[in-house]
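Trainee: here are the coordinates; sequence isn't available:
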């Protein structure tokens with residue numbers, strides 16, 4: 001009897017490990033899908049198709065986020081496509097676990113991406129994620145497609161080290177700048193802002209055209225942010241109001 005119970009326990013532990021491994025594989029699978037969708041379905045199509053239009057509207061206006069209803073629809077479509085394939089290839093238990101891990105990571109991505117624009121970093125990972133993603137927005141929209149990880153960008157050769165990210169003042173997130181529009185001291189080592197804070201209708205139209213052409217946004221004088229590749233220490237100090245602090249421990 002003891003041998004039977006021991007065998008049952010081992011079987012249960014094996015099943016739990018199998019499910020955990022499959023779910024982890026699904027989470028990793030999402031990061032590859034995240035890269036592919038972001039690059040090919042959203043940017044390469046330049047506004048052709050719902051996903052591309054919604055995403056490029058976000059590039060034109062960083063305060064715009066795709067409605068939750070459309071995100072839920074995206075999750076449902078992804079589940080409908082992934083689950084039958086993974087079920088058939090790996091079996092019911094592994095297939096369900098793989099799909100669950102992938103969809104869970106998709107929702108985690110949605111939360112992390114939104115917080116990149118709405119909340120300041122609290123960890124080194126968060127600091128990297130914001131610098132990399134905002135470089136994608138304001139420096140080079142056809143680079144740094146991975147939001148949650150740089151692995152696939154590095155493997156494919158589309159990763160840029162962000163350096164000091166130049167941000168149009170009108171597009172700077174609230175966590176980055178103070179009431180006067182200057183970069184907060186805590187973030188002055190990572191960002192510099194340029195231009196005015198209030199876009200006129202012509203500038204909004206230009207932001208739309210730039211986004212749908214996969215160009216970095218312009219500052220008020222018509223120069224593209226990506227053209228401002230070099231930022232000296234004096235300009236960072238002037239914008240931040242103080243010498244750039246060491247925020248490696250934040």
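Mentor: Arrived safely, thanks for sending. This is a predicted model, so every value here is computed, not measured. Numbers count the residues shown, from 1 in each chain.
Trainee: tell me the secondary structure at the most centrally placed residue in the chain.
Mentor: In the chain, the C-alpha nearest the mean C-alpha coordinate belongs to residue 147, at 3.0 Å (Cα atoms, centre = their mean). Three-state call for residue 147 (DSSP: H, G, I helix; E, B strand; the rest coil): coil.
Trainee: show me the contacts for it.
Mentor: Contacts of residue 147 were listed using Cβ atoms under 8 Å, 6 or more residues apart in numbering, and they are 34, 38, 109, 112, 113, 116, 129, 132, 133. From N, CA and C alone the C-beta is placed, and that goes for glycine too.
Trainee: tell me how many other residues surround the third one.
Mentor: As a burial measure, residue 109 scores 19 neighbours (other Cβ atoms under 10 Å).
Trainee: grab the nearest non-local neighbour of residue 42.
Mentor: Once flanking residues are discounted, residue 42 sits nearest to residue 55: 3.9 Å by Cβ to Cβ, 6 or more residues apart in numbering.
Trainee: so how far is stretch 21-30 off the chain centroid?
Mentor: 19 Å (Cα atoms, centre = their mean, to the nearest Å).
Trainee: now, which of the contacts of residue 147 lie within helices?
Mentor: 34, 109, 112, 113, 116, 129, 132, 133 (DSSP state H).
Trainee: will you turn those residues into TSV that also has distance to residue 76 and pLDDT?
Mentor: Output for those, formatted as TSV (distance: Cβ to Cβ, whole Å; pLDDT from 0 to 100):
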residue	distance to residue 76	pLDDT
34	17	98
109	16	98
112	21	98
113	19	98
116	25	98
129	27	98
132	29	98
133	26	98
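Trainee: which of those lies closest to residue 23?
Mentor: Of all the ones in helices among the contacts of residue 147, residue 23 sits closest to residue 109, with 15.5 Å by Cβ to Cβ.
Trainee: pLDDT weak spots in the chain?
Mentor: 1-14, 221-250 (pLDDT under 70).
Trainee: ranges for the helices of the protein?
Mentor: All helices of the chain, identified by DSSP H, fall at 2-36, 50-60, 68-90, 92-118, 124-138, 151-156, 201-212, 233-240.
Trainee: now residue 60. Nearest residue, chain neighbours left out?
Mentor: Closest to residue 60 by Cβ to Cβ, 6+ apart is residue 211, at 3.9 Å.
Trainee: how about that neighbour, what does it touch?
Mentor: Contacts of residue 211 (Cβ under 8 Å, 6+ apart): 56, 57, 59, 60, 141, 217.
Trainee: please redo it, this time with the cut-off set to 6 Å
Mentor: Counting by Cβ atoms under 6 Å, 6 or more residues apart in numbering, residue 211 touches 56, 59, 60.
Trainee: same deal with residue 184?
Mentor: Contact analysis of residue 184 by Cβ under 6 Å, 6+ apart lists residue 178.
Trainee: and it, how far from residue 191?
Mentor: To residue 191, residue 184 is 9 Å away according to Cβ to Cβ, to the nearest Å.
Trainee: also residue 30?
Mentor: 28 Å.
Trainee: next: residue 122.
Mentor: 16 Å.
Trainee: same check, this time on residue 144
Mentor: Counting by Cβ to Cβ - residue 144 and residue 191 are separated by 15 Å.
Trainee: so between the two, which is more surrounded?
Mentor: Neighbour count, other Cβ under 10 Å: between residue 144 and residue 191, residue 191 has more, with 26 against 23.
Trainee: hang on, isn't that one packed against residue 166?
Mentor: No: if you go by Cβ atoms under 6 Å, residue 191 and residue 166 don't touch, sitting 7.7 Å apart.
Trainee: could you pull out the buried residues of stretch 21-39?
Mentor: 22-23, 25-27, 29-31, 33-35, 37-39 (16 or more other Cβ atoms under 10 Å).
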